[in-house]
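> Here is my input, please return the structure:
(2 chains)
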Amino acid sequence: MARMATTRRVAISTAAAWLFGFLIFFPILWMVLASFKTELEAFAIPPSFLFFHWTTENYATVQERSDYLLHALNSIIIAGGSTVIALLIAIPAAWSMAFSPTKRTKDILLWMLSTKMMPPVGVLVPIYLIYKTFGLLDSRIGLVFILCLGNLPIVIWMLFTYFKEIPRDILEAARMDGATIGRELVYVLTPMAIPGLASTLLLNLILAWNEAFWTLNLSTSNAAPLTTFIASYSSPEGLFWAKLSAASTLAIAPILVLGWFSQKQLVRGLTFGAVK
Amino acid sequence: MPPLDKRRTSFEHTLNAWAYAQKRGLREVTVKKILGAVCGASVLLAVPAMAETTLTIATVNNGDMIRMQGLTGEFTKKNPDITVKWVTLEENVLRQRVTTDIATKGGQFDVLTIGTYEVPIWAKKGWLVPLANLGADYDIADLLPKIRDAVSADGKLYAAPFYGESSMVMYRTDLFEKAGLKMPEKPTWDFVIDAAKKLTDKNGGTYGICLRGKAGWGENMAFLSAMANSYGARWFDEKWEPQFNTPEWKTTLTTYVNLMKEAGPPGASSNGFNENLALFNAGKCAMWIDATVAASFVTNPKDSKVADKVGFALAPNTGLGKNANWLWAWNLAIPAGSKKTEAAEKFIAWATSKDYTKLVASKEGWANVPPGTRTSLYQNEDYLKVAPFAKLTLASIDAADPNKPTVKPVPYVGVQYAAIPEFQGIGTQVGQQFSAALAGSTSVDAALSAAQSSTEREMKRAGYIK
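Coordinates of the predicted model:
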């Protein structure tokens, strides 16, 4: 009897988990489906789920109208570059705060986070003027720089919490065995920090990939990443859903693939330290 | 800039250094050679490929603009020294992007696509370059007078209209016939309301009328301001006092809310142009009052289920002398920060010329030419043959006067908006109130008084009233 109840409970919770997962995933699925419809079908009421005339016409139109590869390359450079630079700055910063905190460490951390509390549009005009003066408008380096700065607080906070989870005793044990700082870093700390580093890297990459405010406002054509590519397919006057869906599918495809292959690291990193 | 051969020399030098390194192993390459290679590479990076003008054009994702984008090759063929780069963005994103750039004199764009709302405001601020050299064969006199007025300030043309639109009634001829109704060419609101109620069959999923309800100065307020004009209401009196406490506005909003409750589709408070277009094309609306540009969508069998059953009429009136239609045009203008004014003006002259219309007609047919800017288009037999809505579009544009938009006098320019910088914010706030009234979460009276007080506050803050 008890076993049956358990089995039933497991079945119900499994079904609930799948249903929940499906609900979360549904908008993306719908977008992919819409990208294969004609504009009329994408608008149709009631909407058709799977039984419609499948077409790749939208992808052809999108390819013809805009330079997907240039936008994708820009996205890779901007997201990748800003993530690497942010990690290079954040690792030593989080490191020192986690392992040799001072009286002010907490205040510094809070101050860093406070920079994320202001809406970005509040500093749009000053940043725009600075960028104009230094000739950084519509340049990849300018976007790398602003996205790196924007994500730094989050990266430092994440790394800080991961590093803090690493028991100091292990470090002390290594020292007792005569490890130098360099060896301690490479052989003891790095292996333990890798899940944290990996998930920070991935999360930051996704954040930078999807960032739409600065990338839209500071780029025009040369440095325009995939966010601009998507924005060019939306319109208040006209039929555009299918084409927009095709553009969006193309835009999220690379990051979706990356996320798929690294989901183990991502989940491990995000739950890292949750179970003691 | 070094002459071409010199550049080639440095490039060759780079290649030689690289080949040398490959052949002999990096160790044998002297420091001097590496330095030479680096210098050569940096010279190559710094020098643009050709001494030509690159125009960056910002535009919106509307069919006519996309067509223009596709035809750019024809322009660059004639002007080999000019290359064109397009930045296409959604209307509101574009507005924000372009405003930031123009206000900071960022100089990122050489040609802008802007609406009739922006032209007078930006011209006054000195943000736009007046268009004085459009060429001898441009024929400014051929531009529709109302549209030309809308893009001029102090007698100077500050933008060239690319396509113009008004609003009108689109209706289902089959449903009207079945119900024994006949749409007059100039319907009154009484007729429209009565017909909408008769044609509503909620069980069958057909609604008498579809109107905009989504909040926004360019969404529901475009329609409601135009409707209010026909009921004798106005946004501001001569002293810039907001007028939402007047009986005219009360009649307008009450009529609108009641009509939509009785004869409108469910969830109308989140419907904009696209949502209504989808409903109408699916055969759910007996009438739809919206932009004239919709006519080409609803009559296109590829997009519409009711393509051969659509009739057109002027926007309704109440006999006070104003119809409930608006006036809008998308225009090309040159921002004051651009350093390529001459090339930009050449492009604008090309894209808004009569020859461009002919070019589109030859490539994509007369039905696809940008409408609503030139008188000559409406005298063209080929166009009139394929565009059954042409006559009504022209009549609608002629019926709207941005300089005298209302029954009573007003201090502002603009039919469905007041061309002051504050209007975007105010219009959207009021739009949210009216959308809430339509959704039923607030009453008509409460919405009007909230609209009145928020508009008063903004106008005081901006210094129009004390």
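> ok, now which ones touch B:P130?
Each residue near B:P130 by CB atoms under 8 Å, 6 or more residues apart in numbering or on different chains is listed here: B:A123, B:K156, B:L157, B:Y158. For glycine as for every other residue, the C-beta is placed from the backbone atoms N, C-alpha and C.
> The same query, at a cut-off of 7 Å, please.
B:K156, B:L157, B:Y158 (CB atoms under 7 Å, 6 or more residues apart in numbering or on different chains).
> what's the longest strand in chain B?
strand B:160-172 (DSSP state E).
> Return the list of helices and strands in contact with it.
Strand B:160-172 is packed against strand B:287-291, helix B:294-298, strand B:310-314, strand B:327-333, helix B:390-399, with contacts defined by 3 or more CB pairs under 7 Å, 6 or more residues apart in numbering or on different chains; DSSP states H and E.
> and residue 245, how many neighbours does it have?
Just so you know, I chose chain A. Using other CB atoms under 10 Å in any protein chain shown, A:S245 has 22 neighbouring residues.
> switch to chain B, that's the one I care about
Other residues near B:N245 come to 14 when the count uses other CB under 10 Å.
> Does it touch B:A450 like I think?
No: in terms of CB atoms under 7 Å, B:N245 does not count as a neighbour of B:A450; the distance is 11.3 Å.
> give the contact list for residue 254.
I'll assume chain A. Contacts of A:P254 were listed using CB under 7 Å, 6+ apart, and they are A:A72.
> wrong chain, I was asking about chain B
Taking CB under 7 Å, 6+ apart as the contact definition, B:T254 lies against B:V444.
> And it, how far from chain A?
Distance of B:T254 to chain A, given as CB to the nearest CB, to the nearest Å: 28 Å.
> Helix, strand, or coil at that residue?
What DSSP: H, G, I helix; E, B strand; the rest coil gives for B:T254 is helix.
> Point me to the residue of the stretch 301-450 of chain B nearest chain A.
The stretch 301-450 of chain B approaches chain A most closely through B:D303 (5.4 Å), counting by CB to the nearest CB.
> Can you tell me the closest non-neighbouring residue to A:I255?
Leaving aside its chain neighbours, A:I255 sits nearest to A:W209 (5.0 Å; criterion: CB to CB, 6 or more residues apart in numbering or on different chains).
> ok, that neighbour - how many residues close by?
Taking other CB under 10 Å as the neighbour definition, A:W209 ends up with a count of 25.
> again with B:C210
27.
> What residues are bridge-paired with it?
Assessed by DSSP bridges, B:C210 has beta-bridge partners B:W288.
> Surely it is in contact with B:A286?
No: the pair B:C210 and B:A286 fails to qualify as a contact (CB under 7 Å) at a distance of 8.6 Å.
> tell me the contacts of B:S353?
Counting by CB under 7 Å, 6+ apart, B:S353 makes contact with B:Y138.
> Tell me the pLDDT of it.
Confidence per residue is given as pLDDT, and for B:S353 that number is 94.
> The longest strand of chain B pairs with which strands?
strand B:287-291 (antiparallel), strand B:310-314 (antiparallel), strand B:327-333 (antiparallel).
> tell me the centre residue of the chain?
This is for chain A. Using CA atoms, centre = their mean, the residue of chain A that lies closest to the mean C-alpha position is A:I206, 1.5 Å off.
> Please refer instead to chain B.
The central residue of chain B, meaning the one whose C-alpha is nearest the mean C-alpha position (CA atoms, centre = their mean), is B:W330 at 4.5 Å.
> Grab the nearest non-local neighbour of that one.
For B:W330, the closest residue by CB to CB, 6+ apart turns out to be B:F162, at 5.1 Å.
> ok now do that neighbour, which residues does it touch?
The neighbours of B:F162, taking CB under 7 Å, 6+ apart as the test, are B:D64, B:W330, B:N331, B:L332, B:A351, B:T352, B:P370, B:T373.
> Can you tell me which of those residues lies closest to B:S435?
B:W330 (25.1 Å; CB to CB).
> And that closest one, how far from B:P421?
Look at B:W330 and B:P421: by CB to CB, to the nearest Å, they are 20 Å apart.
> Which positions in chain A make contact with chain B?
A:39-40, A:43-45, A:65, A:124-125, A:128-129, A:132, A:137-138, A:216-217, A:220-221, A:231-240 (CB under 7 Å from any CB of the partner chain).
> Sort out which of those are buried, if you could.
Applying a neighbour-count criterion of 16 or more other CB atoms under 10 Å in any protein chain shown, the buried members of the residues of chain A next to chain B are A:39-40, A:43-44, A:65, A:124, A:128, A:132, A:137-138, A:216-217, A:220-221, A:231-240.
> Out of these, list just those in helices.
When DSSP state H defines the helices, the subset of these inside them is A:E39, A:L40, A:F43, A:R65, A:L124, A:Y128, A:K132, A:L216, A:N217, A:A231.
> Enumerate every residue touching the spatially closest residue to A:D138 that is not a sequence neighbour.
Using CB to CB, 6+ apart and skipping residues adjacent in sequence, the residue nearest A:D138 is A:T220, 4.6 Å away. Shown here is A:T220, whose contacts under the criterion CB under 7 Å, 6+ apart are A:D138, B:T56, B:V87, B:Q108, B:F109.
> could you dump those to CSV with distance to B:A313, pLDDT and secondary structure?
Conversion of the contacts of A:T220 to CSV gives the following (distance: CB to CB, whole Å; pLDDT from 0 to 100; DSSP: H, G, I helix; E, B strand; the rest coil):
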residue, distance to B:A313, pLDDT, secondary structure
A:D138, 47, 93, coil
B:T56, 42, 94, strand
B:V87, 38, 92, strand
B:Q108, 44, 92, coil
B:F109, 39, 94, coil
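> Which of these has the largest number of neighbours?
For those, the largest neighbour count, defined by other CB under 10 Å, is 26 neighbours, found at B:F109.
> Assess the claim that it and B:T59 are in contact.
No: taking contacts as CB under 7 Å, B:F109 lies outside contact range of B:T59: 9.8 Å.
> I would like the residues contacting stretch A:155-162, please.
Stretch A:155-162 is touched from outside by A:86-87, A:90-91, A:93-94, A:97-98, A:109, A:112-113, A:193, A:196, A:200, A:204, A:272-273, with contacts defined as CB under 7 Å, 6+ apart.
> what secondary structure does the residue nearest to A:I255 sit in?
Going by three-state DSSP, the state assigned to A:W209 is helix.
> what's the distance between it and B:V444?
46 Å.
> repeat for B:K125
When distances are taken as CB to CB, B:K125 and B:V444 turn out to be 37 Å apart.
> Chain A contacts on the stretch 301-450 of chain B?
Counting by CB under 7 Å from any CB, the positions of the stretch 301-450 of chain B adjacent to chain A are B:K302, B:D303.
> ok now do A:S219, which residues does it touch?
Under the criterion of CB under 7 Å, 6+ apart, the contact list for A:S219 reads A:D138, A:L143, A:T228.
> Give me the contacts around stretch B:405-420.
Counting contacts by CB under 7 Å, 6+ apart, the residues outside stretch B:405-420 that touch it are B:117, B:120-121, B:217, B:222, B:225-226, B:229, B:232, B:234-236, B:238, B:240, B:320-322, B:326-327, B:400, B:402-403, B:423, B:427.
> Show me the strands in the stretch 51-200 of chain B, by range?
Taking DSSP state E, counting those that start in this stretch as the criterion, the stretch 51-200 of chain B carries its strands at B:53-60, B:82-89, B:111-115, B:152-153, B:156-157, B:160-172.
> Worst mean pLDDT among these?
Comparing mean pLDDT across the strands of the stretch 51-200 of chain B, the lowest value falls on strand B:152-153: a mean of 89.
> now the helices for the stretch 151-276 of chain A?
Counting by DSSP state H, counting those that start in this stretch, the stretch 151-276 of chain A forms helices over residues A:168-176, A:181-183, A:190-210, A:213-218, A:226-231, A:241-261, A:263-270, given from the N-terminal end onward.
> That's all I had, so thanks and see you.
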